[in-house]
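S.K.: pasting the sequence and the predicted model now:
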Amino acid sequence: MGYIQIGIIIILFLVVLFLLVDIHFYRRNIMAFQKQLFKIMREDTNAIVRVDIPQKDIIALSDVINQLIKRNRETLVAAERLDQSFRESITNVSHDLRTPLTTAGGYLGMIKDPDLSQEERLEYIEIIEERQDMVRKLLDQLFYYARMEAGKDFWHEKRIDIHKLLLEILAMYYNDFEIKEIEPEIQITDCKMMIWGDEDGMRRIFSNIISNGLAHGKGAYQVKLLPVENGFEFSFSNASESMEKEELLLIFQRFYCKDTSRTGKSTGLGLAIAKELVERMQGRIWAEYENGVFSIRVFLPEEKMKNTKPVAF
């Protein structure tokens, strides 16, 4: 046998040996992967898959597996938060609906008292009607929010004069301000203010913000609607207890109520709905607190600034 043949045999032997070693390492890495994955599945751990023996393909595979593990953990965390949020939402809504109904039921029982005076009877009936109206408003907010979340077709865009619309809404709340014995300071520029959006949605934005202020504010109400660069700015301000920056962000979250005792005045959906509607009209909404005054501000782009395509949702 010549030197050439011996050389070829040695090369083939080394190639086969290399392949066998490589296959052995592949098997070791795969078995290690299997053990690590079983451990990750069984235990609540933040561990990731690690490569015992560096191999280019195995390292690439481990990167993909770790990305999947990370995505799966994020999905599980999000699902747990959503489940917790859902449970809290159900509890809050149940409480908000039960409170006025329980109160109304108590007064209804007292009305049956034959010794009750006519004046007291009328007073109790008025309270029952007030609680009934409260429940109606709560259910209306819940129904509207559910339609928004479900993507129901309720959005009808057209040209809207928000100057005229705001005056109409303020007129609706005249009695509410009168009951509080407060005359709001109103600053509204006397001109047409045309935007492009959904009229019913715009009514809800104004109504929800004003209702929130009336329910939780302490007085000194101020309403503004003024032209600004590229659009219009609406604001509703009132005296308020101290608020932290974190709270100013939280108030736009669904079911959030600053009052942890939950008085049943609202579901905490009003400002969440307003935020969703404002953003669908390509606007911005934010809260401010300065020198004892709490404000909700809304910017809406004027009509010429709207997109040519309808807002998708």
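M.R.: The structure has been received and is ready for your questions. Residues are numbered from 1 along each chain as shown.

S.K.: list the contacts of Val228.
M.R.: Phe299 (Cβ atoms under 8 Å, 6 or more residues apart in numbering). From N, CA and C alone the C-beta is placed, and that goes for glycine too.

S.K.: ok, what's across the strand from it?
M.R.: Gly231 (DSSP bridges).

S.K.: any idea how far it lies from Glu302?
M.R.: Computed as Cβ to Cβ, to the nearest Å, the Val228 to Glu302 distance reads 9 Å.

S.K.: the residue nearest the centre of the chain: which element?
M.R.: Nearest to the mean C-alpha position of the chain, by Cα atoms, centre = their mean, lies Gln253 at 4.2 Å. Using DSSP states H and E, Gln253 maps to neither a helix nor a strand.

S.K.: what sits closest to it if chain neighbours are left out?
M.R.: Ala272 (6.3 Å; Cβ to Cβ, 6 or more residues apart in numbering).

S.K.: need the phi and psi values for the one you found.
M.R.: Recorded main-chain torsions at Ala272 are phi -70, psi -40, according to degrees, to the nearest 10.

S.K.: swap in Glu178?
M.R.: Taking degrees, to the nearest 10 as the convention, Glu178 sits at phi -60, psi -40.

S.K.: what does Asp190 give?
M.R.: Dihedral angles (degrees, to the nearest 10) for Asp190: phi -80, psi 80.

S.K.: quick one: low-confidence ranges for the protein?
M.R.: 1-4, 44, 82, 85-86, 88-89, 92-93, 95-96, 151-154, 255-268, 304-313 (pLDDT under 70).

S.K.: how about the strands of it, start to end?
M.R.: Assigned by DSSP state E, the chain shows strands spanning 157-161, 185-188, 194-198, 222-228, 231-239, 284-290, 293-301.

S.K.: buried ones in stretch 135-154?
M.R.: Neighbour counts over stretch 135-154 (16 or more other Cβ atoms under 10 Å) mark 135, 137-138, 141-142, 144-145, 148 as buried.

S.K.: turn these into CSV, columns for distance to His156.
M.R.: As requested, those are exported to CSV (distance: Cβ to Cβ, whole Å):
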residue, distance to His156
Val135, 28
Lys137, 23
Leu138, 25
Gln141, 20
Leu142, 22
Tyr144, 14
Tyr145, 18
Met148, 14
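
S.K.: can you pick out the most distant pair from these?
M.R.: Val135 and Met148 (20.5 Å; Cβ to Cβ).

S.K.: now for the longest helix belonging to the chain, which elements pack on it?
M.R.: The single longest helix within the chain, with elements called by DSSP state H, is helix 56-111. Packed against helix 56-111, as judged by 3 or more Cβ pairs under 8 Å, 6 or more residues apart in numbering; DSSP states H and E, are the following elements: helix 3-42, helix 118-150.

S.K.: try 6 Å
M.R.: Using 3 or more Cβ pairs under 6 Å, 6 or more residues apart in numbering; DSSP states H and E, the elements in contact with helix 56-111 are helix 118-150.

S.K.: dump the residue contacts of Ile188.
M.R.: Leu225 (Cβ atoms under 6 Å, 6 or more residues apart in numbering).

S.K.: typo on my end, it should be Lys192
M.R.: Asp161.

S.K.: if we go to 8 Å?
M.R.: Applying Cβ under 8 Å, 6+ apart, the residues contacting Lys192 are 161, 163-164.
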